[in-house]
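Chemist: Quick one, fold the following:
(4 chains)
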Amino acid sequence: MSTLTSAHSLWTLAADTPADRIPAPTIEYAQLAPTLIVVGAAVVGILVEAFVPRRSRYYVQVFLALAALASAFAAVVGLAAGGYGSSKAHIAAMGAIAVDGPALFLQGTILLASVVAVFTFAERRLDPAAHGNRVDSFAAQAASVPGSDSEKAAVKAGFTTTEVFPLALFAIAGMLIFPAANDLLTLFVALEVFSLPLYLLCAVARRQRLMSQEAAVKYFLLGAFSSAFLLFGIALLYGYAGSVSYAVIADVVDGTITKIDPALAGTMGNDALLLMGGALILTGLLFKVGAVPFHMWTPDVYQGAPTPVTGFMAAATKVAAFGALLRLLYVVLPGLRWDWRPVMWAVAIVTMLAGAVIAVTQTDVKRLLAYSSVAHAGFILAGVIATSAEGVQSVLFYLLAYSFVTIGAFAVVTLVRDAGGEATHLSKWAGLGRRSPLTAAVFAVFLLAFAGIPLTSGFTGKFAVFSAAAEGGAGALVVIGVLSSAIAAFFYIRVIVLMFFSEPKADGPTVAVPSPLTMTTIAVGVAVTLVLGLAPQYFLDLAGQASTFVR
Amino acid sequence: MENLIALLIAAPLLGAVVLLCGGRRLDKTGHWLGTLLAAVSFGIGVVLFADMLGRGADDRTLTQNLYTWIPVEGFQADMAFQLDQLSMTFVLLISGVGTLIHVYSIGYMEHDERRRRFFGYLNLFVAAMLLLVLADNYLLLYFGWEGVGLASYLLIGFWQHKPSAATAAKKAFLVNRVGDMGLSIAIMLMFTTFGTFAFGPVFGAVGEASEGKLTAIGLMLLLAACGKSAQVPLQSWLGDAMEGPTPVSALIHAATMVTAGVYLIVRSAAVFNGAPDAQLVVTVVGAVTLLFGAIVGCAKDDIKKALAGSTMSQIGYMILAAGLGPIGYVFAIMHLVTHGFFKAGLFLGAGSVMHGMNDEVDMRKYGGLRKYMPVTFVTFGLGYLAIIGFPGLSGFFSKDMIIEAAFAKGGTEGWILGGVTLLGAGITAFYMTRVMLLTFFGEKRWQPTASDSGSAAGSGHEPHPHESPKSMTVPMVILAFGSVFAGAFFEIGERFLKWLEPVTGYSHGNPPVSAMTVTAATMVMLLVGVGIAWAMYGKRPVPVVAPRGSFLTRAARRDLYQDDFNHVVLVRGGEHLTRSLVYVDHSLVDGVVNGTAASVGGLSGRLRKLQNGYARSYAVSMFGGTAILIAATLLMRAV
Amino acid sequence: MNFPLLTVTAAVPAVGAILTAAVPAARRTAAKWLALFFSLATLALAVLVAVRFEPGGDRYQLTESRAWIPDFGVRYELGVDGIGVVLIGLTALLIPFVIAAGWHDADPLETSSKRWRPTQGFFALILMVEAMVIISFEATDVFLFYIFFEAMLIPMYFLIGGFGDRAHLGSDENAAAQRSYAAVKFLLYNLVGGLIMLAAVIGLYVVAGNFSLQEITAARAAGTLDMATNTERLLFLGFFFAFAVKAPLWPLHTWLPNAMGESTAPVAVLITAVVDKVGTFAMLRFCLGLFPDASKWATPVILVLALISIVYGALVAVGQRDIKRLVAYASISHFGFIILGIFAMTSQGQSGATLYMVNHGLSTAALMLVAGFLISRRGSRLIADYGGVQKVAPVLAGTFLIGGLATLSLPGLAPFVSEFLVLVGTFARYPVVGIVATVGIVLAALYTLVLYQRTMTGPVKEEVRTMPDLRLREVLVVAPLIALLIGLGVYPKVLTDIVNPAVEHTMSDVKQTDPKPEVAVEAKNGEEAK
Amino acid sequence: MNPVNYLYLAALLFTIGATGVLIRKNAIVLFMCVELMLNACNLAFVAFSRMHGNLDGQIIAFFTMVVAAAEVVVGLAIIVSLFRTRHSASVDDASLMKL
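Modeler: Reported below is the predicted structural model:
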């Protein structure tokens, strides 16, 4: 910001000043390492697509992606260990990006989730081999028309869409920035950076490509629509505060800003700008977290997208979006607490209830999980509303718990297959527990975690969020949350009944035996679910230490 | 010495356990074992009795405290026994008559393949009954009280393959349960009033308690007594109870268990003395039952049911006497004992008759049996004379005493009660004579086809009456002796009065009329009763098929419609109630829950429709949502 | 800290569950014996607990305390008072019988696939339930208790829904549907109760800041922790609702008949004799301990509901056509008595209620298991399908009768003691309630005897003519239960001695003293008053 | 001229764009409407930048254009592939997934 004003003063002066007077921005590369590593890897990935022979691309890409994510996570850990999460937390890159507890915690979560998600991306054992080539769940050639000769040729030639890995890396990079963004511009750019690749990833399913493309279109149009709202909101806030930097806006909102020029004085008075701007930005973020009434894309997109992508999206997107939401509400708009809290109350309540209620009558596993994710968004919002350190802590913890359960659940969904690919219709899951008890048991664990049954991470998270909300004085919200989780329990249990208590169908689906990749994903999911359920203290501490924003 | 008390109960209890758990291998010897153990108990009783006589009138009470049964803060129930003259009387009666009936049953149940279990139940009964009379606190008494109820249930329903028997057993237990409710409430009242329910402390503190409380306790005890002793309004089970084997009817439903109510009231003398209103109710119940039973007894053609009616009526005498207070307690017990002898004798006689007649019970199908079974005839006859109060026999003394006592109550009550008892004596004479005539006199009326009202043994061929085996006749003879001499024995020198007086207390009261006149009146009633009976059944032949009879007769045959009342009001009503409740449970209580679930489902189905698959409608919802969001935020600021 | 006996007691069955589940499909019998062994080991440990426990000592003994989730103020705190000891004993005692009785209930059908190992699952789940029940009897930390109170629903749910009664009405699909309906109903009822309790637990956390039962109780007593009246009442209701569903109290009872009707007899015993006791136990320990004033405030309503349960349950039981549903409604009636005793708030009432929990466990186990044997023979649960069994299977009939007599609480059998104590305790404070409750003893006789008469007596039905009498295994299951019923009926002292001190503590929690009798009597035993 | 008028214009354009998204069928047109909304935002940015007299708004506008360009690439790719599959660019035809 300072640079810009100075630049502006230059600009208004005579043009004879030498350009070298513009000070080069100082970038703390070390502290931005996680993001930079991922972006770099993504770029390299593009080059790999260009130069590495097709045969070996898959391996290179997988290795590259995993290495990048691992090292990025290492960097995050290093930063956290270096105290950037707590004592040395500050704002880097000329005020564009915050390096603080929440940012690092969420980035760590996103990276871990992405690692296991990439495992499912790389799974090549589930689909039967086509012409002797092992295939993953992505289209041989996304560009070719489904059922066309070119597609057949591509399949015959054993093409695979290895581009998904760089795309995923780009998306991850955007997600890493999103919760750390410290001015609205960065927020917007990050949003687009992680949205656009996701749109594409939705479109490249190998099976049921029509649905996949439809999902992509819907996601894209609605996403663009929402980001337009977000952008307009940014514009209004900028108009209100004369800056897009969180810190400045916050000061203006509080009225604690020091130097007030007449223009600012003029716009500052106009609360409409502030409120409408805030509301519009909230719209954009609530769209990403899938809160009612901005949730309607979730079921369709979750169903249409390739299941690994769905899992990745459901987990990582939520983490990133909620991170951004937290920062916006806790850093930029705390001064407006009394304005947005009631509204968010309403949103949270509607989200919890609608998500739970509509899920009751779903007949497709992926749509069911989509609606359950909506309901969970409502629960997390309850924690967001607490506006307290406990609130932040609980939300961070919940996101950690939730993302692994989600990825695990969708990974299990990829295993249950019949002739037409994944058998996602619930009726096909009947008697799964009889046919392959282990798979069913694992899925049951995830469902119980979703339902918030004690001894699973779901319960700990729910307790954390609700107790934070209750301490924040939102008792009624807790009661409603409890009721809606009762409704939610009903449909999770319906699936369990279906799997264990109903007789298997003769033409029922088979459970594919996955490679170690997916197995790891599921195993990690189960492990995290149980650990966070039985001994959550360490992670609660982590989240607790990470629960203060830098401003 | 007092350590023997527990053995009184232990012996038959052991018998019950061994016989019931012993399994088939005891089928051969079981009945001997059972009889032996009952006899052992009687022997111990005699020993204790001798010891008791050896001691002075005031230190004759023995107590034995085994252990604390239920120790809870403020609530102490001991497993403790108390043997005083009153208990002693019962111990001898129960174990004595009990033993005799064991012996009798050996013969009577010879052909029943479940005889072993029968003896097990009998022993169980004896043990429970002894516990009842030996307990030193009401809770333990309650233990015995329900114990005899169980034994009675098992024995009435002994022939369980007969639905009628099973039903009768269930009925008996349920009606008794109603009485038990009274007993338990009485105990609770004592606990809240005195903080204890052991005889000694309670009776000691009666003085300090309010009369209201005492009356309440008294009435509850009376309710219990009504249940167990088949007094109006809880008398309905006794008639049906005759479904049980005859020895059972003799032991449980004539001699011992049914008299437990009398014991309870006499035992609680202290309480009742403090509650005159309760006493009045007792006398009324007694008087009503006295007539009720007698009338029913007049109309029944089933010999056992007739005797059952008479039992009811005789116990009515005792209850009435007990209700009179100190004037009557002693005579209530005395009549109880004598009645124990002659009524048991009568039932055994009836049993012997049925034994000879293929278990035919309809007296109209008897007739002229005195030639075929002389021993039964004589013993039954003596019992008959005793019960109608033929001068010199035991019934004469005991009943006479009660009638006198009733008059001695004084005032109009005295006159009314006295009148009732006199009338009762007359009716007793009538129906007993009727039984006698129908059974043993006249000419034979039995047909080749015996009805199937008997047990499985009831087969279709011509019955050929015969005298019963020794094992059956001997007890009858002994009981006949008892019924002849007991009364006189007790009465000479007022032995019985002196014996019990320390326990129950005695006051002579003020008879408005002299004992002689009362006796004279009784005799008159007696002759009238016998005369009418002779006129109706002795002179002219008795129709095998019962005539329709007068309204009163028909009413009496149906137990004065009391059962029908129960059936309509309680049974039917209960059925309707349960049915409707089942319905409520299913459709209302459950319906609400299922309804909620269903409505959630319906709501879900409707909301689902919003997801119509059109991207643009999603956009609309987003747009609308945003609009609302903005509006809301602005509104928040506005207000 | 010395040897963590309580943890071990709860851990042994859990370990057993895991091992049993791990037994390969072919070695079914091995799994059964393994499960039985572990349940017996648990019983031994439970006995050890009872031995180590000094009735006169501290309120909570054998305590353990470790940090668990400081952020939520949650500690891993265990400790038992007399009530806990007795109930742990009951649980550990009944499970072996449940296992032995269910020996063949989970043998796989020929049709089912090789990978499907129902037997291992069945016994593993039973042991898992045992572990969770035991630890919830031990927990003195509200959160810890809640965790297992909720978690035990899951294994129970699979036991009900996964292993139905082979003797079902109608077709297989129909039965499967009925079964999963019952299971779902069970789970949803209890889950809703639990979630509402969760709200209350969170509320308690907000108010008190930690979950330690002892600390909170002490603070309440000392007055350092005062709740607003309404807060306390709301929290109480939240807790009580969950326990009332579990107990179950009218009108939250309708899940029990379905659950007991559809599940196998041993599982039905597990539900009503073991798991449901957690509800009543928790009322005694948590509702009264944490919210004494609110408990007193709510007493009138609760007493009325309990009365309704007693009478209503009994009457509906009379109207049942299905043996197991009848027993279920009988249990509802009995739970009414237990709750009555708890909230009468007299030492007799509460001792009675505690004994009642044990005795009802034993009596229902006896009755239900014999009923199970009966049903497995004839393959029908309908009362109307039986008749005259007593003729062909006297031992079965006899044991059935004794179980029934225990259910109608005949003196000399254990339930009488507890029922009478409850009645006396209630009567002492609320005479009218006490009198109405005594109606229950008549109705109990009614449904028991009607059941016995219709099934066991009368002419022998054709279908039961060939019915075999109890086998040795079955006798071995029933005989000890009956022995216990009689033993505790004539000598309940063994239990009361352990229970009484705990009850005194509870009474002091709620600051209640027994009503004094009108007339003080100096105990002069024996001699009569003239 | 008062920069506020530009804001009004921006608001108007944004609304038009939004309305277009809601009422038009063709995916391309829809997409154009979105672009219109983004441009409205740009206009607003520039106008505010003028009012506050600092450069941020204008710089943001450039960013927005870049982002919009990227969006076009992705968007057209998706829409085209959809069109080639279904031979129609109507978003209402793409409604396989519902309820």
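Chemist: does whatever helix or strand residue B:353 lives in come close to chain C?
Modeler: Following DSSP states H and E, the helix or strand that holds residue B:353 is helix B:329-356. No. Taking C-beta under 8 Å from any C-beta of the partner chain as the criterion, helix B:329-356 and chain C are apart, separated by no less than 12.4 Å. Heads up, the C-betas are built off the backbone N, CA and C, glycines and all.
Chemist: How far off centre is whichever helix or strand comes after that helix?
Modeler: Remark: after helix B:329-356, the chain's next helix or strand is helix B:374-388, criterion DSSP H and E. Helix B:374-388 has its average C-alpha position 24 Å from the chain's average C-alpha position, going by C-alpha atoms, centre = their mean, to the nearest Å.
Chemist: Please apply the same query to stretch C:20-39.
Modeler: When C-alpha coordinates are averaged (C-alpha atoms, centre = their mean), stretch C:20-39 and its chain have centres 26 Å apart.
Chemist: again with stretch B:299-310
Modeler: Between the centre of stretch B:299-310 and the centre of its chain there are 16 Å (C-alpha atoms, centre = their mean).
Chemist: just stretch C:236-254 next, same as before
Modeler: With C-alpha atoms, centre = their mean as the basis, the distance from the averaged C-alpha position of stretch C:236-254 to the chain average is 14 Å.
Chemist: Mind checking the pLDDT average for stretch A:340-356?
Modeler: In this model, stretch A:340-356 has an average pLDDT of 92.
Chemist: Any idea how far it is from the middle of the chain?
Modeler: Distance, stretch centre to chain centre, for stretch A:340-356: 19 Å (C-alpha atoms, centre = their mean).
Chemist: Can you tell me what sits against that stretch?
Modeler: Counting contacts by C-beta atoms under 8 Å, 6 or more residues apart in numbering or on different chains, the residues outside stretch A:340-356 that touch it are A:278-279, A:282, A:286, A:291-293, A:295, A:329, A:333, A:371-379, A:381-382, A:384-385, A:387, A:474, A:477, A:480-481, A:484-485, A:487-488, A:491, B:607, B:629, B:632-633, B:636.
Chemist: Mind doing that once more with 6 Å?
Modeler: A:291-292, A:371, A:374-375, A:377-378, A:381-382, A:385, A:480-481, A:484, A:487-488, B:632-633, B:636 (C-beta atoms under 6 Å, 6 or more residues apart in numbering or on different chains).
Chemist: In helices only, show me those.
Modeler: Taking DSSP state H, the ones among those that sit in helices are A:371, A:374-375, A:377-378, A:381-382, A:385, A:480-481, A:484, A:487-488, B:632-633, B:636.
Chemist: For chain A, see how far away the residue nearest to residue B:138 when sequence neighbours are not counted is.
Modeler: Ranked by C-beta to C-beta, 6 or more residues apart in numbering or on different chains and with sequence neighbours excluded, the top spatial neighbour of residue B:138 is residue B:197, at 4.4 Å. Noted for residue B:197: a distance of 48 Å to chain A, by C-beta to the nearest C-beta, to the nearest Å.
Chemist: how many other residues sit next to residue B:197?
Modeler: As a burial measure, the neighbour count of residue B:197 was computed by other C-beta atoms under 10 Å in any protein chain shown and equals 24.
Chemist: which regions of the stretch 401-530 of chain C lie under the pLDDT threshold?
Modeler: Per-residue confidence of the stretch 401-530 of chain C (counting by pLDDT under 70) places the weak regions at C:520-530.
Chemist: Mind telling me which residue of it is nearest chain A?
Modeler: With distances taken as C-beta to the nearest C-beta, the stretch 401-530 of chain C approaches chain A most closely at residue C:509, which sits 25.6 Å away.
Chemist: is chain D contacted by stretch B:604-617?
Modeler: Yes. Where contact is defined by C-beta under 6 Å from any C-beta of the partner chain, part of stretch B:604-617 touches chain D, namely B:608, B:611-615.
Chemist: Using PDB, write down the CA coordinates of that stretch.
Modeler: Listed in PDB are the C-alpha atoms of stretch B:604-617, where the atom choice follows Å, rounded to 0.1, in the frame of the first residue of the first chain:
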ATOM      1  CA  SER B 604     -36.800 -33.300   2.300                       C
ATOM      2  CA  GLY B 605     -38.600 -34.600  -0.800                       C
ATOM      3  CA  ARG B 606     -40.100 -31.100  -1.400                       C
ATOM      4  CA  LEU B 607     -36.900 -29.200  -0.900                       C
ATOM      5  CA  ARG B 608     -35.100 -31.600  -3.200                       C
ATOM      6  CA  LYS B 609     -37.300 -30.400  -6.000                       C
ATOM      7  CA  LEU B 610     -35.500 -27.000  -5.800                       C
ATOM      8  CA  GLN B 611     -32.400 -28.800  -7.200                       C
ATOM      9  CA  ASN B 612     -33.900 -28.900 -10.700                       C
ATOM     10  CA  GLY B 613     -30.600 -29.300 -12.500                       C
ATOM     11  CA  TYR B 614     -30.800 -25.900 -14.300                       C
ATOM     12  CA  ALA B 615     -27.700 -23.900 -13.700                       C
ATOM     13  CA  ARG B 616     -29.600 -20.700 -14.200                       C
ATOM     14  CA  SER B 617     -32.100 -21.400 -11.400                       C
END
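Chemist: Can you point out the buried residues in it?
Modeler: B:604, B:608, B:611, B:613-617 (16 or more other C-beta atoms under 10 Å in any protein chain shown).
Chemist: which bits of the stretch 251-400 of chain A sit near chain D?
Modeler: Proximity of the stretch 251-400 of chain A to chain D is assessed by C-beta under 6 Å from any C-beta, with A:263, A:300, A:303-304 identified as the residues in range.
Chemist: ok, residue B:404 to residue B:519 distance?
Modeler: Computed with C-beta to C-beta, to the nearest Å, the distance linking residue B:404 and residue B:519 is 8 Å.
Chemist: Same drill for those two, tell me which one is more crowded.
Modeler: Taking neighbours as other C-beta under 10 Å, residue B:404 and residue B:519 compare with residue B:404 leading, 24 against 16.
Chemist: Alpha carbons only: can I get the worst-scoring helix or strand of chain C on mean pLDDT in CSV?
Modeler: Ranked by mean pLDDT, DSSP states H and E, the helix or strand of chain C with the weakest confidence is helix C:213-222, at a mean of 84. Listed next in CSV are the C-alpha coordinates belonging to helix C:213-222 (Å, rounded to 0.1, in the frame of the first residue of the first chain):
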residue,chain,number,x,y,z
LEU,C,213,-18.1,-35.1,38.8
GLN,C,214,-16.4,-34.8,42.1
GLU,C,215,-15.2,-31.3,41.6
ILE,C,216,-18.5,-30.0,40.4
THR,C,217,-20.5,-31.8,43.1
ALA,C,218,-18.1,-30.4,45.7
ALA,C,219,-18.3,-26.9,44.2
ARG,C,220,-22.1,-27.1,44.2
ALA,C,221,-22.1,-28.3,47.8
ALA,C,222,-19.7,-25.6,48.8
